[in-house]
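Engineer: below: sequence and its predicted model.
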Amino acid sequence: MEMIKIEDVQSIIANYFGKDSVEPSTRLKEDLKAGKDDIVNILASVEDKYDIVVEEIDLSNLKTAKDIVKYVFAKM
């Protein structure tokens with residue numbers, strides 16, 4: 001299993017929104033105007049990369065790129 005890197009998650013998020021980069025503190029909803037479908041799609045990419053499953057109930061707790069990294073790290 002690949003070790004999670006904040007840079008990889010930031011890259012997934014940036015690519016999804018067509019940005020050059022995002023910071024760990026970038027807020028998905030407020031800064032990127034991400035809706036639930038956007039967050040689900042981002043998490044699907046993270047799931048594929050790190051071979052984990054993100055439970056839908058956990059979506060509300062994932063507000064920033066850093067939150068996603070912490071969550072994925074806890075699932076590994």
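Structural biologist: Happy to help now that I have it.

Engineer: quick one: low-confidence residue ranges for the protein.
Structural biologist: Within the chain, the stretches with pLDDT under 70 are 1, 56-58.

Engineer: in this protein, which helix is the longest?
Structural biologist: When the chain is parsed with DSSP state H, its longest helix is helix 36-50.

Engineer: that one: which residues count as buried?
Structural biologist: 38-39, 42-43, 45-46, 49-50 (16 or more other CB atoms under 10 Å). Where you see a C-beta, it was placed from the backbone N, CA and C, and this is true even at glycine.

Engineer: repeat for stretch 68-76
Structural biologist: 68-72, 75.

Engineer: tell me who's in contact with Leu59.
Structural biologist: 36, 39-40, 43 (CB atoms under 8 Å, 6 or more residues apart in numbering).

Engineer: and the nearest residue to Pro24 once chain neighbours are set aside, how far from Ile6?
Structural biologist: Using CB to CB, 6 or more residues apart in numbering and skipping the chain neighbours, the partner closest in space to Pro24 is Lys66 (4.0 Å). Applying CB to CB, to the nearest Å, the value for Lys66 to Ile6 is 7 Å.

Engineer: now do the shared contacts for those two.
Structural biologist: The contact lists of Lys66 and Ile6 share Pro24, where a contact means CB under 8 Å, 6+ apart.

Engineer: the residue nearest to Pro24: how many residues sit nearby?
Structural biologist: 16 (other CB atoms under 10 Å).

Engineer: now do Arg27
Structural biologist: 15.

Engineer: surely it touches Lys66?
Structural biologist: No: applying CB atoms under 8 Å, one finds Arg27 not in contact with Lys66, separated by 10.2 Å.

Engineer: hmm, back to that, out of the contacts of Leu59, which comes closest to Glu2?
Structural biologist: Checking these against Glu2 with CB to CB, the nearest one is Leu43 at 16.2 Å.

Engineer: does the residue nearest to Pro24 sit in a helix, a strand or a coil?
Structural biologist: helix (DSSP: H, G, I helix; E, B strand; the rest coil).
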